[in-house]
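Asker: need the 3D shape of this:
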Amino acid sequence: MSKRNTLQRRHQILALLNEAGEASVEQLARQFETSEVTIRKDLTAMENHGLLLRRHGGAIPVPRELVVEEAPSEVKRAIGRAAAALIPDHHRMVIDYGRTTAALIPELERKRGLVVMTNSLHVANALRELENEPTLLMTGGTWDPHFEAFQGRVAEQVLRGYDFDQAFIGADGIDLERGTCTFNEQIGLSRIMAEVAREVVVLAESNKVGRRIPNLELPWERVNALVTDSDLDDDIRARLERLGVRVICAEVSAYA
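Answerer: Just a heads-up that it's a prediction; the model follows:
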């Protein structure tokens, strides 16, 4: 097969992944009428170029949270500001990995007496830069280079030794039927964060609504509040509120 055809196939694979959220090697081989060996080579090459992530016999798109940004978008900053307004002084909280949850950190500058645990090195580094010097705790555990976060049983055991006032957790998708969902297959840690906190706050942009990803992270009965942006549809907001979720829509500045 020519190099041109290979590039065309890989482009089509990427488009399919972005639309469907995942695909198996078997499915791709059947769709493109080629061998599974060829598809595996495609996926390996594409992962090496940062275009996708390999997962158990298939692949998923690179999660939006892993897209490199020089600075958080204004939507993320607005969500961070709205979430910070929920945090009083002297609270104990746990913050999950993710670019949207990390956008919360600069907004904590004026809070006093905070105790913060995280599994994210990015979040931890941002906390260390705050002048108010919140107490920082790390979960430890097994390092996941794809998500730049700690995962696994050790992290879960550490979390179970604490209790928190609030947990702040991101999401790759918002499934209106099931709850929040994620590309990360290691969902146990986020669920334990929710278990050990009295209030669970999900931070997610409104464009993630309707993204149905197989890995259910938190069912709606475990979510107290969703902080999103003002582009959220009014009907969707009402639907979530009927499920008992407090919905906070942050106004995004047009002049940022």
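Asker: contacts for the helix or strand containing Leu189?
Answerer: Assigned by DSSP states H and E, Leu189 belongs to helix 188-195. Helix 188-195 is contacted by residues 94, 96, 119, 139, 141, 150-152, 155-156, 159-160, 164, 167, 169, 182, 200, 217-218, 222-223 when judged by Cβ atoms under 8 Å, 6 or more residues apart in numbering. Placement of C-beta: from N, CA and C, glycine included.
Asker: now, which of those residues lie within strands?
Answerer: With strands taken from DSSP state E, the overlap with those comprises 94, 150-151, 164, 167, 169, 182, 200, 217-218.
Asker: now the buried members of the contacts of helix 188-195.
Answerer: The neighbour-count test (16 or more other Cβ atoms under 10 Å) marks 94, 96, 119, 139, 141, 150-152, 155-156, 159, 164, 167, 169, 182, 200, 217-218, 222-223 as buried among the contacts of helix 188-195.
Asker: how about the helix ranked longest in the chain: buried residues?
Answerer: Looking across the chain with DSSP state H, the single longest helix is helix 3-20. Residues of helix 3-20 classed as buried by neighbour count (16+ other Cβ under 10 Å): 9-10, 13-14, 16-17.
Asker: and the nearest residue to Leu104 once chain neighbours are set aside, what is it in contact with?
Answerer: Once flanking residues are discounted, Leu104 sits nearest to Gly80: 4.3 Å by Cβ to Cβ, 6 or more residues apart in numbering. Contact partners of Gly80, counting by Cβ under 8 Å, 6+ apart, are 72, 100, 103-107, 203.
Asker: now do 6 Å
Answerer: The contact partners of Gly80, by Cβ atoms under 6 Å, 6 or more residues apart in numbering, come to 103-104, 107.
Asker: got it, and His91?
Answerer: His91 sits next to Asp165 when contact means Cβ under 6 Å, 6+ apart.
Asker: again with Pro61
Answerer: 17-18, 52.
Asker: one more pass at 8 Å, please.
Answerer: Per Cβ under 8 Å, 6+ apart, neighbours of Pro61: 14, 17-18, 21, 52-53, 183.
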